[in-house]
Structures are given as structure tokens and as C-alpha cells.
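> Could you work out the structure for the sequence below:
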Amino acid sequence: MDTITLTVTEAARHFSDYIGRVAYRHESFVLCKGKKPVAELRPLPTGRRLGDLPGLLRSLPHLSKQDAVAFARDVETSRKAIAVDKPRDPWES
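Numbers count the residues shown, from 1 in each chain. Below is the predicted model:
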């Protein structure tokens, strides 16, 4: 979606409306004072931060020894199968 440019005055007059559009329609706005861009009104990024990864990984269930061996075997089998396959030309009919 394209970013919409509007004046600071317009944003102030209809602030609640623009906040709603950001929150529910995920629209973005560049606010200008005069003809100079001075701020941006946009949705915050969603998801998790990279710093949360260690805790997330610790919270996952652990594989049993048997499952870990089977998983390692499956990964190795897949790697060998990929190495054998020749890259295909995507433009070839």
C-alpha cells in the first residue's frame, strides 16, 4: 500500500480517524509541515524480536534420543537427494 502524504494540520484535525486507519487498515502516512516531511504515522511491526529467540527455543519440547537420531538420518538423506538433483532451468519448456 502506498504512503499517503498529509499536512500536520490535517492530521491534528482528524487524528482519531488517521489512527483508526493505521490500526485497522494498516495504512501509512507521511506528515508534512509546510512542504517538508517531518514525521511518519504507520503501523508498528508485528512479530517477535530476535532477542526472544533463546527463550523461545528453550520452551520447545526436546526430542528423544531416538527421534533425534531419526531426524539426523532424514536430514542426511535429504541432503544427499538434493546433491544428486541437477538444477533445473526454470525457463525451459
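> the strands in the protein, which residues?
For the chain, the strands defined by DSSP state E occupy 4-7, 29-33, 36-41.
> In its sheet, which strands sit next to the second one, and in what direction?
What that stands for is strand 29-33. If you go by DSSP bridges, strand 29-33 pairs up with strand 4-7 (parallel), strand 36-41 (antiparallel).
> and the nearest residue to R48 once chain neighbours are set aside, how many neighbours?
Excluding its sequence neighbours, the residue lying closest to R48 (Cβ to Cβ, 6 or more residues apart in numbering) is L56, at 7.0 Å. Where you see a C-beta, it was placed from the backbone N, CA and C, and this is true even at glycine. L56: 9 surrounding residues under other Cβ atoms under 10 Å.
> do G47 as well
6.
> got it, and R42?
Counted with other Cβ under 10 Å, R42 comes out at 12.
> The residue nearest to it when sequence neighbours are not counted - how many residues pack around it?
Excluding the flanking residues, the one nearest R42 by Cβ to Cβ, 6+ apart is S28, at 3.9 Å. Counted with other Cβ under 10 Å, residues neighbouring S28 total 15.
> before we move on, what about V8?
For V8, using other Cβ under 10 Å, the count is 13.
> Return the set of buried residues in the top helix by length along the chain.
If you go by DSSP state H, the chain has its longest helix at helix 65-84. Neighbour counts over helix 65-84 (16 or more other Cβ atoms under 10 Å) mark no residue as buried.
> Now that helix: average pLDDT?
The average pLDDT within helix 65-84 is 90.
> same check, this time on stretch 13-33
Here the average pLDDT along stretch 13-33 is 96.
> re the thing from before, now the phi/psi pair for the residue nearest to R42, please.
phi -120, psi 150 (degrees, to the nearest 10).
> hmm, back to that, how much space between the residue nearest to R48 and R49?
With distances taken as Cβ to Cβ, to the nearest Å, L56 is found 10 Å from R49.
> ok, now which ones touch the most far-flung residue of the chain relative to its centre?
Computed with Cα atoms, centre = their mean, the maximum C-alpha offset from the centroid of the chain is found at Q66, amounting to 34.7 Å. If you count contacts by Cβ atoms under 8 Å, 6 or more residues apart in numbering, Q66 has none.
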